[in-house]
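Undergrad: Okay, predicted coordinates and the sequence, questions at the end:
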Amino acid sequence: MQSTRNVEAREPRGMSRSGTALFSYGFRPFFLAAAIWAIVGIGLWTAFLNYSVALASDYGTLYWHAHEMLFGFAPAVLAGFLLTAIPNWTGRLPISGPPLAALFAMWCAGRIAMLASSGIGVTAAAAIDCLFLPLMFGLCAREVVAGKKWKDLKVVAGLAVLSVANSFFHLQVIGGGNPELSIRLGLGAYVLLVTIVGGRILPSFTRNWINQRGRTDFPVPYNRFDAATIVAGAISLTTWALWPEAVATGLFAAAAAVMNAIRLVRWRGWVTWPEPILFVLHAAYGFVPLGYAAVALGAAGLSQIAILHVFAIGVMSMMMLAVMTRASRGHTGRQLKASRMTNASYIVLAAVAVLRPLAELLPACTTEILLLSSIGWTVAFGLFALEHAPFLCRDRKPLVARKP
């Protein structure tokens, strides 16, 4: 029997055994809070639509809804992902304990302030809400620069764009304008982040899965075509943000749709069908070319609200749910296998991503579609919270034994 003196139990980097498990790593509080806020936010919005419940009336309930999905729910998921991924990219220790709790409290303060905007004033609520994203940008930029991972600065740049879009959103609302430009700019930032980060993780995860099965039909590795696709997408999203119905916007979007569809095929995602927790990443990315195709059709008259929801639910929210489930399981020491409950959440949210844009295309059924979409959204994130909350709040990754 090997002597215990030759074996040392070590903690996974940043996974302290003392203190509250919830604040031991960034994905824990932010993923859980994002799921809860997804449920609460849509619940309040549905209550307003169906029962005229007063909700952020001074700010504008419609604008509150759009803001809280783009700059409330989504930044929480993004924060959980980046605070977990960046330490892996840079080799530096993650933010945890009291600093993480303080950062999380700042995000919570923004949600409370926006809900209470009629009481504390719209300007004060906007000022409180505008604190979180710039702070996240500063923290992530510091870590990437300190780790000298220069190629990851393009991911951090997405936080800068979101910070600007969020501030501009508030300024437009306070000035009595329509924040549609800020909405498209913010949503475009998320879509571009999906194409950048997705291009890193999807082929890598897929290659590993295929290799484990003794096969060699690997995805095409990142090359100039991928870089060109990202650039084409950035151009398309910029023109869409500024001139959503222009003919040039439609042409750029059509090109981006074709290039992203080719890119997705090159990753061979269909072979991962037996592994839903991996296949869902490809399914979520599948909405990227669909979204660009919708933008192209927008130049021909397709409802801009329908386009927004293809991107917001199909690309942004589907990819976020996929990443949340995978990271939550992997970073708490669980097998990367989707349970029946997780699979159900994927299917329901995918159905919502297809259904919700139809509300603008089928006006006779708008009320029913909105209600079904709200129920489906709530079920999808409710299933995530129900399954994952216990080990996000409690379970820690097992210690790893190593020889000294």
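TA: Noted; the coordinates are in hand.
Undergrad: For Thr90, the count of nearby residues, please.
TA: Neighbour count of Thr90, defined by other C-beta atoms under 10 Å: 18. All C-beta atoms are positioned from the backbone trio N, CA, C, and that covers glycine.
Undergrad: I meant Gly60, not that one.
TA: The burial count for Gly60: 18, using other C-beta under 10 Å.
Undergrad: Would you confirm that it contacts His170?
TA: No: counting by C-beta atoms under 8 Å, Gly60 sits too far from His170 to count as a contact (11.4 Å).
Undergrad: Going by neighbour count, list what's buried in the longest helix along the chain.
TA: Counting by DSSP state H, the longest helix found in the chain is helix 180-212. For helix 180-212, burial by neighbour count (16 or more other C-beta atoms under 10 Å) applies to 180-200, 202-203, 205-207, 209-210.
Undergrad: Stretch 261-275 too?
TA: Ala261, Arg263, Leu264, Arg266, Trp267, Arg268, Gly269, Val271, Thr272, Glu275.
Undergrad: likewise stretch 116-126?
TA: So, applying 16+ other C-beta under 10 Å, buried residues of stretch 116-126: Ser117, Ile120, Val122, Ala125, Ala126.
Undergrad: Check stretch 142-151 too.
TA: Applying 16+ other C-beta under 10 Å to stretch 142-151 flags Glu143, Val144, Lys149 as buried.
Undergrad: between the residues you listed, which is closest to Ser236?
TA: Val144 (26.2 Å; C-beta to C-beta).
Undergrad: For the residue lying closest to the closest one once chain neighbours are set aside, give me the pLDDT.
TA: Using C-beta to C-beta, 6 or more residues apart in numbering and skipping the chain neighbours, the partner closest in space to Val144 is Asp152 (4.9 Å). The model reports Asp152 with a pLDDT of 91.
Undergrad: same question, Thr20
TA: Looking at Thr20, its pLDDT reads 84.
Undergrad: Now do the strands in the stretch 1-150 of the chain.
TA: 8-10 (DSSP state E, counting those that start in this stretch).
Undergrad: coming back round to it: widest-spaced pair of the buried residues of stretch 116-126?
TA: Going by C-beta to C-beta, the pair spanning the buried residues of stretch 116-126 furthest: Ile120 and Ala126, at 10.3 Å.
Undergrad: Next up, the contacts around the residue nearest to Glu245 when sequence neighbours are not counted.
TA: Excluding the flanking residues, the one nearest Glu245 by C-beta to C-beta, 6+ apart is Ala299, at 5.7 Å. By C-beta atoms under 8 Å, 6 or more residues apart in numbering, Ala299 lies in contact with Glu245, Ala246, Val247, Thr249, Gly250, Leu251, Ala253.
Undergrad: Now the first one: phi and psi?
TA: Spelled out, it's Glu245. Main-chain dihedrals, Glu245, degrees, to the nearest 10: phi -110, psi 10.
Undergrad: Let me have the buried residues of stretch 116-126 in CSV, extended by distance to Leu355 and pLDDT.
TA: Below are the buried residues of stretch 116-126 laid out as CSV (distance: C-beta to C-beta, whole Å; pLDDT from 0 to 100):
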residue, distance to Leu355, pLDDT
Ser117, 30, 97
Ile120, 36, 98
Val122, 33, 98
Ala125, 32, 98
Ala126, 32, 98
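Undergrad: Quick check: of those, which lies closest to Ala33?
TA: Closest to Ala33, out of all of the buried residues of stretch 116-126 and judged by C-beta to C-beta, is Ala125, at 18.6 Å.
Undergrad: Surely that closest one touches Ala109?
TA: No: between Ala125 and Ala109 there is no contact under C-beta under 8 Å: 10.0 Å.
Undergrad: Which ones among the contacts of Ala299 lie within strands?
TA: Assignment to strands by DSSP state E places none of these there.
Undergrad: Give the buried subset of these as a ChimeraX selection command.
TA: Selection of the buried residues among the contacts of Ala299 in ChimeraX, burial being defined by 16+ other C-beta under 10 Å:
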select :249,250,253
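Undergrad: Keep only those of the contacts of Ala299 that are in helices.
TA: Val247, Thr249, Gly250, Leu251, Ala253.
Undergrad: can you redo those residues as JSON lines with pLDDT?
TA: Listed next are the ones in helices among the contacts of Ala299 as JSON lines, based on pLDDT from 0 to 100:
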{"residue": "Val247", "pLDDT": "97"}
{"residue": "Thr249", "pLDDT": "98"}
{"residue": "Gly250", "pLDDT": "98"}
{"residue": "Leu251", "pLDDT": "98"}
{"residue": "Ala253", "pLDDT": "98"}
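Undergrad: Now for Phe71, how many residues are close by?
TA: By other C-beta under 10 Å, 25 other residues sit near Phe71.
Undergrad: whoops, Pro99 was the one
TA: Counted by other C-beta under 10 Å, the residues lying close to Pro99 total 11.
Undergrad: how about the contacts of Ala299, which pair is most distant?
TA: Maximum distance among these (C-beta to C-beta): 12.6 Å, for Glu245 and Leu251.
Undergrad: returning to that earlier point: how about the buried residues of stretch 142-151 in CSV, adding distance to Phe137?
TA: Converted to CSV, the buried residues of stretch 142-151 look like this (distance: C-beta to C-beta, whole Å):
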residue, distance to Phe137
Glu143, 11
Val144, 11
Lys149, 16
